[in-house]
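>>> Sequence first, then the predicted structure, then my questions.
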Amino acid sequence: MTPVELSRTVLHAVRRAVDAGELSVAVPTRAVVAPPGPGGCGDYATSIALQLARPAGQTPVRVAEVLRPYLVGTDGITDVVLTGPGFLNISLDRAAAGVGLVGEILRRGARYGYAEQPDGRVVQLHCPRDLRAVVVAEASARLLRSQGALVRVTAEGFEDVWTSVLGVTVDAVGVAPAALPVNVRPVPVPASETADLMFLGRDAGRWALLHPAAHDRPRTGGEHLVQRESNPLFRVRYAHARARAATRNAADLGFTAEPGPATGSDTGTPTGSGTGSDTGTPTGPATGTPTRSGTPAGPGTPTGPAAGSDTSTPTRSGTPTGTAPTPLADAAPELLAALADHPRVLAAAAEHRAPDRLARHLVAVADAALPFLLTVLPRGGEKPSAAHRARLALAEAVGAVLAGGLDLLGIDAPDHL
C-alpha cells in the first residue's frame, strides 16, 4: 500500500463511519498521512480525527476510536494504534507495502508524486531582480504545477544571460502593481560571487542556488563540481547513474525487473551470458579521479589494488569469482521509507515554495540507495532469480524518483557520469 492508497483508505474509513451513522461530518477530499512524529509508532500516522473532531461535535480521541475498526483488518494494514490527542498510527504489511510502492513508482515513472489532475489553484509568484530569487521562483513553479496548480512567474528585472547559462525563464518582466507584492525573496548571491556562480554552469549552478534553504547564503565555489562523495549533487546523480546501469547490466545477464519481496540471496549456476559490470558506470575510488577507462569515480568504492574493478562480479565465461550478494538487511527499509515519503515532500516543497526540501530529500534517497545498489545484480555462481528481479525493480524505482526530482529542479540526470 502506497501513501496515496493509504490516504484513500483513511477517507474510505471516514465514509463508512458516516454511512453507518457513527459520524456526522462531510467527508473531506484529502487525508494527510506522514511518518509518525515523536511519541508515535508504526509506519504512518494521520491527524484525520483531529480534523473531524469539531464538525463531528466529539473529541478527537472519540473520533479516532470510531475510525479505528474501519482501518484494522483492511488489506495491507496490520495494526492501528491511537496516540496523543487522537493520532491514528498505522502499521502496514511491509512486504506487501514495498511491492505496491515499487509497482506504483514504476507505473508513474518520473511523475510519481504528481497530482493526478489540476486542483483549480492559480498561483502568482513575483520576485525581485535577483538571480537566486528567479531560479527559486521557477523551481517553485515547477513543483506547484506538479501538484495541480496553474502558476505564473514574474520578475521586476531579468538578464538574458540567466537563461543562456542557467536555463531559467519567467513569464513576464516588470514592476507589478501594489496588489502583487514580491513573494519570493531568498537570501541573494553577493554581486561579487555572481561570476563564480555562472562558471559552475547550469546543473551545478542551479543546485548551488536551490539546495540551501531560502534563509541560508548559497555557496558558489567549485565544490559543486567535484566528483566525490562530499558533493551532495554528485551523490544524487551517481546513484541515478548506478540505478540506470543496473538495468543495462541486468539485460546483459538476461533478466528484467519485477516487483516482489527482495529479501535473502539466491544461489545457482552462473549463466555465463553477460557481465555484472557496466563500463559506463562510475566504479573507481572515491576521489573523483578518473579510472583507467576514463569513468569518473564514485563514492564508497574500495581503493587499493582492486580499485576500479569488482572481484565478485561474474565474468563472461561464467566462472564464479566472489561471494553471494548481500541481503537487504537495513538498507531496503530505509530506502523504501524515503521513496514512500516522496509525494509528501513534493507537496510540502510546493506548498512552502521551498525547492530546497526536495533537494535535501533527493540526497536522502541517494544515500539510502547507494549501499542497496551494490546488491542488485547476481554475483559469483548465482543465477538471476525472483529476488534479483525484485531488487532490480527497486533500483529502477530509485532511478525514476531521482530523475523526476532533478527534473523538477531543472537539473539533468545523466545515465552515465
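Sure, I can see it. Note that the structure is predicted; figures quoted are calculated from it, not measured.

>>> Residue ranges in the stretch 251-400 of the chain under the pLDDT threshold?
Applying pLDDT under 70 to the stretch 251-400 of the chain flags residues 262-331.

>>> all helices for this protein, in order.
With DSSP state H as the criterion, the chain has helices at 3-19, 48-56, 60-71, 94-108, 131-146, 160-166, 194-199, 201-210, 232-253, 331-340, 342-351, 355-373, 386-408.

>>> now for the fourth one, which elements pack on it?
By that I understand helix 94-108. Here helix 94-108 touches helix 3-19, helix 331-340, helix 386-408, going by 3 or more C-beta pairs under 8 Å, 6 or more residues apart in numbering; DSSP states H and E. Yep, even glycine has a C-beta here, placed from its N, CA and C like the rest.

>>> closest to residue 132 out of those?
Residue 132 lies closest, by C-beta to C-beta, to one member of the helices and strands packed on helix 94-108: helix 386-408, at 17.3 Å.

>>> Give the buried residues for that closest one.
Within helix 386-408, the residues that count as buried by 16 or more other C-beta atoms under 10 Å are 387-406, 408.

>>> try stretch 409-417
Those would be 409, 410, 411, 413, 415, 417, for stretch 409-417 by 16+ other C-beta under 10 Å.

>>> Pull the contacting residues for the third one.
The reference is to residue 411. Residue 411 makes contacts with 202, 203, 206, 207, 233, as judged by C-beta atoms under 8 Å, 6 or more residues apart in numbering.

>>> Please name the residues that touch residue 5.
Contact analysis of residue 5 by C-beta under 8 Å, 6+ apart lists 76, 100, 104.

>>> Export those residues to JSON lines and append columns for distance to residue 261, neighbour count and pLDDT.
Output for those, formatted as JSON lines (distance: C-beta to C-beta, whole Å; neighbours: other C-beta atoms under 10 Å; pLDDT from 0 to 100):
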{"residue": "76", "distance to residue 261": "14", "neighbour count": "16", "pLDDT": "84"}
{"residue": "100", "distance to residue 261": "12", "neighbour count": "19", "pLDDT": "85"}
{"residue": "104", "distance to residue 261": "16", "neighbour count": "21", "pLDDT": "91"}
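
>>> Identify the spatial nearest neighbour of residue 70, chain neighbours not counted.
residue 13 (3.7 Å; C-beta to C-beta, 6 or more residues apart in numbering).

>>> what about the one you found, how many neighbours?
Applying other C-beta atoms under 10 Å, we find 24 residues neighbouring residue 13.

>>> Can you name the residues that contact it?
67, 70, 71, 74.

>>> With distance to residue 354 and pLDDT added, can I get those residues in CSV?
As requested, those are arranged in CSV below (distance: C-beta to C-beta, whole Å; pLDDT from 0 to 100):
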residue, distance to residue 354, pLDDT
67, 31, 95
70, 35, 94
71, 31, 94
74, 33, 86
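
>>> Among those residues, which one has the most neighbours?
residue 67 (25 neighbours).

>>> before we move on, the earlier item: for residue 354, which of the helices and strands packed on helix 94-108 is the nearest?
helix 386-408 (12.3 Å).

>>> one step back: quick check on the contacts of residue 411: which are buried?
With burial judged by 16+ other C-beta under 10 Å, the buried subset of the contacts of residue 411 is 202, 203, 206, 207, 233.

>>> Out of those, flag the one nearest to residue 239.
Distance to residue 239 across the buried ones among the contacts of residue 411 (C-beta to C-beta) is lowest for residue 233, with 11.0 Å.

>>> and the gap between the residue nearest to residue 234 when sequence neighbours are not counted and residue 235?
Among residues not flanking residue 234 along the chain, residue 227 sits closest, at 5.2 Å (C-beta to C-beta, 6+ apart). Distance check for residue 227 against residue 235: by C-beta to C-beta, to the nearest Å, it reads 10 Å.

>>> now the buried ones among the contacts of residue 411 as TSV including pLDDT?
Output for these, formatted as TSV (pLDDT from 0 to 100):
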residue	pLDDT
202	96
203	97
206	97
207	98
233	97
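
>>> Quick check: residue 65 touching residue 80?
No - taking contacts as C-beta atoms under 8 Å, residue 65 lies outside contact range of residue 80: 10.5 Å.

>>> what about those two, which has more around it?
Using other C-beta under 10 Å, the more surrounded residue of residue 65 and residue 80 is residue 80, with 21 against 16.

>>> ok, the more buried one - contacts?
Neighbouring residues of residue 80 by C-beta under 8 Å, 6+ apart: 42, 68, 71, 72, 88, 89, 90, 91.

>>> Show only the entries of those residues found in strands.
Using DSSP state E, the subset of the contacts of residue 80 located in strands is 88, 89, 90, 91.

>>> Am I right that the second one is in contact with residue 39?
This means residue 89. No - with contact defined as C-beta under 8 Å, residue 89 does not count as touching residue 39 (9.3 Å).

>>> joint contacts of these two?
Counting by C-beta under 8 Å, 6+ apart, the shared contacts of residue 89 and residue 39 are residue 83.

>>> returning to that earlier point: could I get the contacts of residue 13 as CSV with distance to residue 169?
CSV is the format used below for these (distance: C-beta to C-beta, whole Å):
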residue, distance to residue 169
67, 46
70, 48
71, 46
74, 46
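
>>> Dihedrals phi and psi, the residue lying closest to residue 56 once chain neighbours are set aside?
Of all residues not flanking residue 56 in the chain, residue 25 sits nearest, at 4.9 Å (C-beta to C-beta, 6+ apart). Residue 25 adopts backbone torsions of phi -140, psi 160, taken as degrees, to the nearest 10.

>>> can I assume residue 174 is in contact with residue 154?
Yes - here residue 174 reaches residue 154: they are 7.2 Å apart, a contact under C-beta under 8 Å.

>>> which of those two has more neighbours?
residue 154 (21 against 9).

>>> Report the beta-bridge partners for the more buried one.
Using DSSP bridges, the beta-bridge partners of residue 154 come out as residue 126, residue 172.

>>> Tell me which residues touch it, please.
124, 125, 126, 127, 170, 171, 172, 173, 174, 176, 180.

>>> try 7 Å
If you count contacts by C-beta atoms under 7 Å, 6 or more residues apart in numbering, residue 154 has them with 126, 170, 171, 172, 173, 176.

>>> Please report the distance of residue 144 from residue 348.
In this view, residue 144 and residue 348 are 12 Å apart by C-beta to C-beta.

>>> the more surrounded of those two?
residue 144 (23 against 17).

>>> that older thread, more neighbours, residue 89 and residue 39?
Between residue 89 and residue 39, residue 89 has the larger neighbour count (other C-beta under 10 Å), namely 21 against 10.
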